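Colleague: The sequence and its predicted three-dimensional model are supplied below.
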Amino acid sequence: MSLVGGVRAPLRSLLRTGSAWNSIRSCRYASGSKGLVLGVYEGGKEDETIQFTKAGEIFDSSIAGKLNELLTISGPALKKGRSRLFYGLHQDFPHIVVVGLGDKNAGINSLEQYDEGKENIRAAIAVGCRQLQDLEVPHVEVDPCGDAHCAAEGSVLGLFEYNELKKKKKTAVTVKPYGSLENEAWQRGVMYAEGQNLARHLMEAPANYLTPTSFAEIIQQALHSTGDNVEVHIRPKSWIEEQQMGAFLSVAKGSDEEPVFLEIHYNGSAHTSESPLVFVGKGITFDSGGISIKPASGMDAMRADMGGAATVCSAITTAASLKLPLNIIGLAPLCENMVNGRANKPGDVVRAKNGKTIQVDNTDAEGRLILADALCYAHNFNPKAVVNAATLTGAMDVALGSAATGVFTNSDWLWEHLREASIVTGDRVWRMPLFQHYTRQVTESQLADLNNIGKYRSGGACTAAAFLREFVTVPHWAHLDIAGVMSNKDEVPYLRKGMAGRPTRTLVEFAVSLSQETQKS
């Protein structure tokens with residue numbers, strides 16, 4: 001497979017050197033100045049006393065209270081997410097940024113559905129690290145703020161920027177905890193954040209660099225660096241044909257890029273026969289809409305239409321790095337949705353792996369077609385649960401915006417696990433209806449068993465979920481529509497503008513909680 005002008009060459013180089021995965025990790029300089037990020041809490045309405053974290057108190061004591069004094073005279077008390085920069089206070093740290101952490105007693109906010117204290121740490125630490133990066137400080141030590149895991153996430157997520165194809169790059173920054181005994185928690189936070197950054201990296205990459213084949217190769221490379229208990233199968237078109245995945249193939253035939261079915265096995269459990277958790281991710285590496293073509297404006301963002309595959313594969317890579325005692329399988333049908341003489345036409349009927357026929361009335365509703373076959377295949381593994389993720393519908397973005405991932409599930413047990421995981425990570429989920437009301441709208445088709453769009457314009461995210469349900473028989477299944485959280489403008493303060501890689505950390509935290517439950521039983 002080649003592209004005109006050798007445009008794939010840079011990617012091959014990246015794969016040879018390992019930098020396609022390693023570039024998301026912190027780069028290191030041999031020398032350079034150091035910076036320090038410290039947190040302070042907000043006092044009460046009438047309390048103007050500086051409330052340092054434990055690390056802040058230790059540092060302030062080491063310089064005879066000078067930091068406290070300067071904070072007091074340099075302006076009002078620091079509010080949540082705000083920062084103040086000081087120079088020359090300590091010989092080891094020429095640059096010191098103090099950031100506001102908000103209320104010291106902040107915790108789970110039942111209305112917001114996340115842990116406010118954890119989110120405050122992530123956001124504040126990201127602000128401080130970016131400020132030092134703008135000053136070209138290559139080495140930064142970070143106050144753990146009582147939660148080294150979240151401080152690490154704020155640092156690593158906040159500093160990430162996709163600049164692989166630019167000559168001018170921001171200063172690469174190495175971060176580590178300041179005076180902390182919480183190194184294990186810090187390292188776990190780094191792994192969570194690097195997992196999300198891998199998803200961001202994949203979602204940002206241009207479609208002429210990130211094809212179905214190169215996506216699979218990058219994930220294979222990332223997983224092989226985690227240990228020996230991982231198997232990666234890059235299934236070619238001939239295998240897809242043998243599996244009779246007619247819905248998947250109908251989408252892929254519209255492109256000159258060969259489709260790939262990526263299959264990942266992480267064997268973390270001591271019991272090889274233990275039923276796995278199966279993740280399934282939509283992997284459209286570019287979505288033109290097909291013959292039902294999308295408007296030109298904003299179509300470039302459709303390079304990230306493989307966000308479902310990116311997040312589930314990155315979550316498995318993180319689970320493998322964490323050595324979770326859990327068997328996980330990842331399935332990602334990868335192809336492009338393009339327009340040629342072989343592409344699906346509105347009104348065509350295709351046959352899915354389970355034998356059901358589908359009338360394709362809108363070729364831009366292609367994600368559900370490739371997922372249908374992948375979900376059928378997932379049943380081969382006797383899964384304890386199946387969770388699929390997909391940038392599936394614009395209707396999901398309209399419904400929830402970027403506040404939360406929409407979850408459609410047939411399992412209260414699965415929903416509670418996902419909800420609890422999202423409260424911890426701050427990357428929220430919200431349950432959506434999976435009513436028969438919507439099923440009837442996709443099963444009443446003129447030419448086939450199913451139609452790939454609903455009878456009516458309204459409830460598009462719900463009819464898409466109802467369509468997928470027709471290919472699921474397991475009792476614990478969840479469909480995550482991540483279209484609304486695909487990118488970030490300024491909504492999540494510790495993520496820069498661009499592709500968000502959400503909800504990778506929530507999937508990781510969900511896998512962690514499932515592994516803990518499995519060990520107890």
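Modeller: Here it is on my side, so go on.

Colleague: Tell me which stretches of the stretch 201-350 of the chain form helices.
Modeller: Under the criterion DSSP state H, counting those that start in this stretch, the stretch 201-350 of the chain contains helices at 212-224, 237-242, 246-252, 307-321.

Colleague: For Gly81, which of those is the nearest?
Modeller: With Cβ to Cβ as the measure, helix 307-321 is the member of the helices of the stretch 201-350 of the chain nearest Gly81 (26.1 Å). The C-beta positions use only the backbone N, C-alpha and C, and glycine is treated the same way.

Colleague: Please point out which parts of the closest one sit buried.
Modeller: Buried residues in helix 307-321, defined by neighbour count with 16 or more other Cβ atoms under 10 Å: 307-321.

Colleague: Stretch 74-86 too?
Modeller: Ala77, Leu78, Lys80, Gly81, Ser83, Arg84, Phe86.

Colleague: which residues does the third one contact?
Modeller: Think Lys80. Glu42, Gly100, Leu101, Gly102, Asp103, Asn120, Ala123, Ala124 (Cβ atoms under 8 Å, 6 or more residues apart in numbering).

Colleague: try 10 Å
Modeller: 41-42, 99-103, 106, 116, 119-120, 123-124 (Cβ atoms under 10 Å, 6 or more residues apart in numbering).

Colleague: need the contact list for the nearest residue to Ala320 once chain neighbours are set aside.
Modeller: Leaving out its chain neighbours, the residue that sits closest to Ala320 by Cβ to Cβ, 6 or more residues apart in numbering is Thr226, at 3.8 Å. By Cβ under 10 Å, 6+ apart, the contact list for Thr226 reads Tyr266, Ile316, Thr317, Thr318, Ala319, Ala320, Ser321, Leu322, Lys323.

Colleague: Which pLDDT value does the model give Thr226?
Modeller: Note on Thr226: pLDDT of 93.

Colleague: mind showing which ranges of this structure have poor pLDDT?
Modeller: Along the chain, the model assigns pLDDT under 70 to residues 1-32, 44-48.

Colleague: Doesn't His95 lie inside a helix?
Modeller: No: assigned with DSSP: H, G, I helix; E, B strand; the rest coil, His95 falls outside any helix and is strand.

Colleague: helix or strand for the closest residue to it other than its chain neighbours, which one?
Modeller: The shortest distance from His95 to any non-neighbouring residue, by Cβ to Cβ, 6+ apart, is to Gly35 (4.0 Å). Secondary structure from DSSP states H and E places Gly35 in strand 34-42.

Colleague: Export that strand to CSV, keeping only CA atoms.
Modeller: This file holds the C-alpha atoms of strand 34-42, laid out as CSV (Å, rounded to 0.1, in the frame of the first residue of the first chain):
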residue,chain,number,x,y,z
LYS,A,34,14.1,23.7,36.8
GLY,A,35,10.6,24.8,37.8
LEU,A,36,8.3,24.0,40.7
VAL,A,37,4.5,23.9,40.8
LEU,A,38,2.9,24.2,44.3
GLY,A,39,-0.7,24.3,45.2
VAL,A,40,-2.6,26.4,47.7
TYR,A,41,-6.2,26.0,48.9
GLU,A,42,-8.9,28.7,49.1
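
Colleague: And the next helix or strand past it?
Modeller: Using DSSP H and E, the next helix or strand after strand 34-42 towards the C-terminus is strand 51-52.

Colleague: what distance separates that next one from the centre of its chain?
Modeller: 33 Å (Cα atoms, centre = their mean, to the nearest Å).

Colleague: what sits against Ala483?
Modeller: By Cβ under 10 Å, 6+ apart, the residues touching Ala483 are 305, 307-308, 367, 390-400, 402, 405-406, 461, 464.

Colleague: List only buried entries from the residues you listed.
Modeller: 305, 307-308, 367, 390-393, 395-397, 399-400, 402, 405-406, 461, 464.

Colleague: Just send the contacts of Lys80 back as JSON lines, with neighbour count too.
Modeller: Conversion of these to JSON lines gives the following (neighbours: other Cβ atoms under 10 Å):
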{"residue": "Tyr41", "neighbour count": "22"}
{"residue": "Glu42", "neighbour count": "18"}
{"residue": "Val99", "neighbour count": "28"}
{"residue": "Gly100", "neighbour count": "21"}
{"residue": "Leu101", "neighbour count": "27"}
{"residue": "Gly102", "neighbour count": "21"}
{"residue": "Asp103", "neighbour count": "14"}
{"residue": "Ala106", "neighbour count": "18"}
{"residue": "Glu116", "neighbour count": "17"}
{"residue": "Glu119", "neighbour count": "23"}
{"residue": "Asn120", "neighbour count": "28"}
{"residue": "Ala123", "neighbour count": "23"}
{"residue": "Ala124", "neighbour count": "32"}
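
Colleague: Filter those residues down to just the ones in helices.
Modeller: Residues of these located in helices (DSSP state H): Glu116, Glu119, Asn120, Ala123, Ala124.

Colleague: what's near enough to touch the last one?
Modeller: This means Ala124. Ala124 is in contact with 37, 39-40, 78, 80-83, 97-102, 143, 145, 150-151, 154, 158, 493-494, counting by Cβ under 10 Å, 6+ apart.

Colleague: What separation do you get for it and Asn327?
Modeller: 38 Å (Cβ to Cβ, to the nearest Å).

Colleague: Kindly report the same for the first one.
Modeller: Between Glu116 and Asn327 the computed distance is 35 Å (Cβ to Cβ).

Colleague: And for the third one?
Modeller: Here Asn120 is placed at a distance of 36 Å from Asn327 (Cβ to Cβ).

Colleague: The second one now?
Modeller: When distances are taken as Cβ to Cβ, Glu119 and Asn327 turn out to be 32 Å apart.

Colleague: Dihedrals phi and psi, Arg469?
Modeller: Torsion angles at Arg469 (phi, psi; degrees, to the nearest 10) stand at phi -60, psi -30.

Colleague: residues contacting it?
Modeller: Neighbour list for Arg469: Leu375, Phe408, Thr409, Asn410, Leu434, Gln436, Tyr438, Thr439, Val442, Trp477, His479 [criterion: Cβ under 10 Å, 6+ apart].

Colleague: Inside helices: which ones of those?
Modeller: Leu375, Gln436, Tyr438, Thr439, Val442.

Colleague: Do I have it right that Gly146 meets Phe52?
Modeller: No: with contact defined as Cβ atoms under 10 Å, Gly146 and Phe52 do not form a contacting pair (11.2 Å).

Colleague: Looking at those two, which has the bigger crowd around it?
Modeller: Ranked by neighbour count (other Cβ atoms under 10 Å), Gly146 and Phe52 place Phe52 first, with 21 against 17.
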